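# Sharing a sequence plus its predicted fold:
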Amino acid sequence: MNISVYNVMNSRDVKHLLSQLSEAFGTDLSRFSKQYHFFYSESKKRVYVFSREELELDFSKLNINRFGIYFANLQKEPRLSNEGCFIVGPAAIRNVVEVNEENAKQWFMGKDIALDARLEQKIKESANTDANPFVILKHGNDFIGSGRVAVGRIINFLPKERRTTSVF
């Protein structure tokens, strides 16, 4: 059995992570360090967040298997999870790409999004993929996930258990 150990991230590591995300998404995310506790799983290279307000709850009678929300994956550059996109997306002013309904359907089916001239222009206007190749995808008012901009496409990282065969 593989058990992940979650370590509380020190303030320097949290500040570095939030600085990288702030640079990538064009907004100051330092306030998140006051709203959330950040935990790191060394084995999975994942960051989880836990609301500071939740610490006031009484957990003594609960059998807790896991806590927090999967926020980001830390490989070379931080890649936001779907939940991380919901948290950071409303504050982001850069590296957010709005997709049409057809692209959103493809995304939810687990397919990469082919970059047509319209999407390439949107990425050039609103993204700085040199610093961080990951973008937050948005459809209407909804943030639908995080993808990596590559040559001719946006690579889908939607987990298989969240994919669907029929959308909308």
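Alright, I've got the coordinates. Residues are numbered from 1 along each chain as shown.
# Every contact and neighbour count from this point should use C-alpha atoms.
OK.
# Give me the buried positions along stretch 138-152.
Lys138, Phe143, Ile144, Gly145, Ser146, Gly147, Arg148, Val149 (16 or more other C-alpha atoms under 10 Å).
# which residues touch Pro159?
By C-alpha atoms under 8 Å, 6 or more residues apart in numbering, the contact list for Pro159 reads Gly110.
# got a list of what Phe108 touches?
Leu158, Arg162, Arg163, Thr164, Val167.
# hmm, try it at 6 Å
Arg163 (C-alpha atoms under 6 Å, 6 or more residues apart in numbering).
# Over to Phe134?
By C-alpha under 6 Å, 6+ apart, the neighbours of Phe134 are Gly147, Arg148.
# contacting residues for Val8?
Here Val8 is in contact with Phe39 (C-alpha under 6 Å, 6+ apart).
# again, 7 Å this time
For Val8, the contact set (C-alpha atoms under 7 Å, 6 or more residues apart in numbering) comprises Phe38, Phe39, Tyr40.
# How far away from the center of its chain is stretch 24-31?
13 Å (C-alpha atoms, centre = their mean, to the nearest Å).
# swap in stretch 69-88?
3 Å.
# Could you export it as PDB, CA atoms only?
The C-alpha coordinates for stretch 69-88 follow below in PDB (Å, rounded to 0.1, in the frame of the first residue of the first chain):
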ATOM      1  CA  ILE A  69      -8.300  20.200  -2.100                       C
ATOM      2  CA  TYR A  70      -5.800  19.200  -4.700                       C
ATOM      3  CA  PHE A  71      -4.500  22.600  -5.900                       C
ATOM      4  CA  ALA A  72      -1.500  22.200  -8.100                       C
ATOM      5  CA  ASN A  73       1.100  19.700  -9.500                       C
ATOM      6  CA  LEU A  74       4.700  20.800  -9.100                       C
ATOM      7  CA  GLN A  75       6.800  19.300 -11.800                       C
ATOM      8  CA  LYS A  76       8.900  22.000 -13.700                       C
ATOM      9  CA  GLU A  77       6.200  24.700 -13.600                       C
ATOM     10  CA  PRO A  78       3.200  24.600 -11.300                       C
ATOM     11  CA  ARG A  79       0.100  23.300 -13.100                       C
ATOM     12  CA  LEU A  80      -3.200  24.100 -11.500                       C
ATOM     13  CA  SER A  81      -5.700  21.300 -10.900                       C
ATOM     14  CA  ASN A  82      -9.300  21.800 -11.900                       C
ATOM     15  CA  GLU A  83     -10.000  23.000  -8.400                       C
ATOM     16  CA  GLY A  84      -6.900  25.200  -8.500                       C
ATOM     17  CA  CYS A  85      -8.400  26.800 -11.700                       C
ATOM     18  CA  PHE A  86     -11.600  27.600  -9.800                       C
ATOM     19  CA  ILE A  87      -9.600  29.300  -7.000                       C
ATOM     20  CA  VAL A  88      -7.100  31.200  -9.100                       C
END
